[in-house]
Structure formats: structure tokens, C-alpha cells
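Q: here's my sequence, what's the structure:
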Amino acid sequence: MVHFNLIIEMYAQTLSEEALAKSLCISKDVIHQKIYGEVEFELGEIEKIMTLFPYCTVDYLFNRYEQNKKAE
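A: Modelled structure (predicted):
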């Protein structure tokens, strides 16, 4: 599951994965895994990210989309 809205907002602010990782004091590989849903964000990381995007809601930024979602 991917955090597409976070990716869109990062792109809009020209904020790279590397810059976001640095602001969270984690590696570029780890932030990539978190953005693409391989690893969960921690609450403190979410809070810090929200300060970078004050015009967004948590639900918007961290809405997750599943690829190949099965029809119910």
C-alpha cells in the first residue's frame, strides 16, 4: 500500500525522499519503505511530517491505496 497523497505533496513542495528522511533522522531506504507501505510510520514521524504540510489532514496524507484490490 502506497501513500500517494504524501508523494503528491512532497512533489508539490519539491521535497525529496532524502530531505524527508533527513528531517526524520532516518535513512533514505527506510523513508522509501515507509512511503511505499513496506514499513509503518511511527506516530512521532507522522507528527513531524504534519508540520511540513500544515494545510493537509492526517487522513489525506496517510490515506493508503492498495494495488490490485479485489472487488468485494
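Q: point out where this structure drops to low pLDDT.
A: Along the chain, segments meeting pLDDT under 70 span 64-72.
Q: where along it do the helices fall?
A: 4-12, 17-24, 28-35, 43-52, 58-61 (DSSP state H).
Q: how about TSV for these, with mean neighbour count added?
A: Placement of C-beta: from N, CA and C, glycine included. Formatted as TSV, the helices of the chain follow (neighbours: other CB atoms under 10 Å):
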stretch	mean neighbour count
helix 4-12	15
helix 17-24	16
helix 28-35	17
helix 43-52	14
helix 58-61	14
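Q: got a list of what the closest residue to residue 16 other than its chain neighbours touches?
A: Excluding the flanking residues, the one nearest residue 16 by CB to CB, 6 or more residues apart in numbering is residue 10, at 7.5 Å. Residues in contact with residue 10 (CB atoms under 8 Å, 6 or more residues apart in numbering) are 16, 17, 20.
Q: quick check, nearest of these to residue 61?
A: Set against residue 61, the nearest of those by CB to CB is residue 20 (11.9 Å).
Q: wait, residue 15 sits on residue 52?
A: Yes - contact criterion CB atoms under 8 Å: residue 15 and residue 52 qualify, at 7.0 Å.
Q: nearest spatial neighbour of residue 31, chain-adjacent residues omitted?
A: residue 21 (3.9 Å).
Q: does the one you found touch residue 35 like I think?
A: No - Residue 21 lies out of contact with residue 35 (CB under 8 Å); the separation is 9.7 Å.
Q: shared neighbours of those two, anything?
A: Contacts common to residue 21 and residue 35, judged by CB under 8 Å, 6+ apart, are absent.
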